[in-house]
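*Asks:* Turn this into a structure:
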Amino acid sequence: MLDILKNRRSQYALGAELPLPQDEVDHLIREAIRLAPSSFNSQSSRAVILFNGESRRFWDLVKDALRAIVPAEDFPRTERRLAGFAAGAGTVLFFEDQAVVADLQRKFPLYAENFPIWSEHSTAMAQLATWTALSDAGIGASLQHYNPLVDDEAARAWELPATWRLCAQMPFGSNEGEIGQKSYIDDQQRFHTFG
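*Replies:* Numbers count the residues shown, from 1 in each chain. All right, here's what the predicted structure looks like:
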């Protein structure tokens, strides 16, 4: 398992070819999210899996939203970055269902203020599980956060429930470039062991 985690890296040079058929990639993503743990087994994570033109449609929404706020002289760089995400085979949109969170808050009032935090933990685990599964299958990916900038547009475009809150986006596809090595800070700065 640790070797699989070691090999997971951000890939920004994406292509549209996948080493597996689309339905198998879809199944892989669904299973990774399904198997990811969640507090109180809430299973609050939701996903929209976009392939091909639907994925490009999402990145066009992001581009339109950014064009309104990024200075014109900086926009070509932004546009190139978004084109790299759109060049992939697909994008996973990660959501947390706020109806589930609210229901847990009602059922367990003692922990009410913690459920939004624990929901964030759940989506993080779903994202890592998905990213690791894709990487293990030879599929490149990265994790992006263009929310809440495109939340409303995405909800309208794919007619999503109002209770789904967008948390992150994961463009994925073939590895079309070198993946950099990851550096690590010294263990003494990061860990303490007692006992």
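
*Asks:* remind me, longest helix of the protein?
*Replies:* helix 115-136 (DSSP state H).

*Asks:* Now do the helix or strand where Arg81 lies: everything it contacts.
*Replies:* Assigned by DSSP states H and E, Arg81 falls within helix 75-86. With contact meaning C-beta atoms under 8 Å, 6 or more residues apart in numbering, helix 75-86 is reached by 12-14, 55-56, 59-60, 62-63, 66-67, 70, 91, 142, 144, 169, 171. Every C-beta, even on glycine, is put in place using the N, C-alpha and C of the backbone.

*Asks:* rewinding a little: packing partners for the longest helix of the chain?
*Replies:* Contacts defined by 3 or more C-beta pairs under 8 Å, 6 or more residues apart in numbering; DSSP states H and E place helix 115-136 against helix 2-7, helix 22-35, strand 45-51, strand 90-97, helix 98-107, strand 140-141, strand 164-175.

*Asks:* which among the contacts of helix 75-86 end up buried?
*Replies:* Buried residues within the contacts of helix 75-86, counting neighbours by 16 or more other C-beta atoms under 10 Å: 12-14, 55-56, 59, 62-63, 66, 91, 142, 144, 169, 171.

*Asks:* Mind putting those into a markdown table with distance to Lys182?
*Replies:* Shown next, in a markdown table, are the buried ones among the contacts of helix 75-86 (distance: C-beta to C-beta, whole Å):
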| residue | distance to Lys182 |
| --- | --- |
| Tyr12 | 14 |
| Ala13 | 16 |
| Leu14 | 19 |
| Ser55 | 26 |
| Arg56 | 29 |
| Trp59 | 26 |
| Val62 | 26 |
| Lys63 | 29 |
| Leu66 | 28 |
| Thr91 | 23 |
| Ser142 | 13 |
| Gln144 | 18 |
| Gln169 | 21 |
| Pro171 | 19 |
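
*Asks:* Now intersect those residues with the strands, please.
*Replies:* Residues of the buried ones among the contacts of helix 75-86 located in strands (DSSP state E): 14, 91, 169, 171.

*Asks:* Among the residues you listed, give me the pair with the biggest separation.
*Replies:* Largest separation among those by C-beta to C-beta: Leu14 and Gln169, giving 12.8 Å.

*Asks:* Where in this protein is the helix or strand with the lowest mean pLDDT?
*Replies:* The helix or strand of the chain with the poorest confidence is helix 2-7; it has a mean of 89 (mean pLDDT, DSSP states H and E).

*Asks:* residues making contact with that helix?
*Replies:* 132, 135-136.
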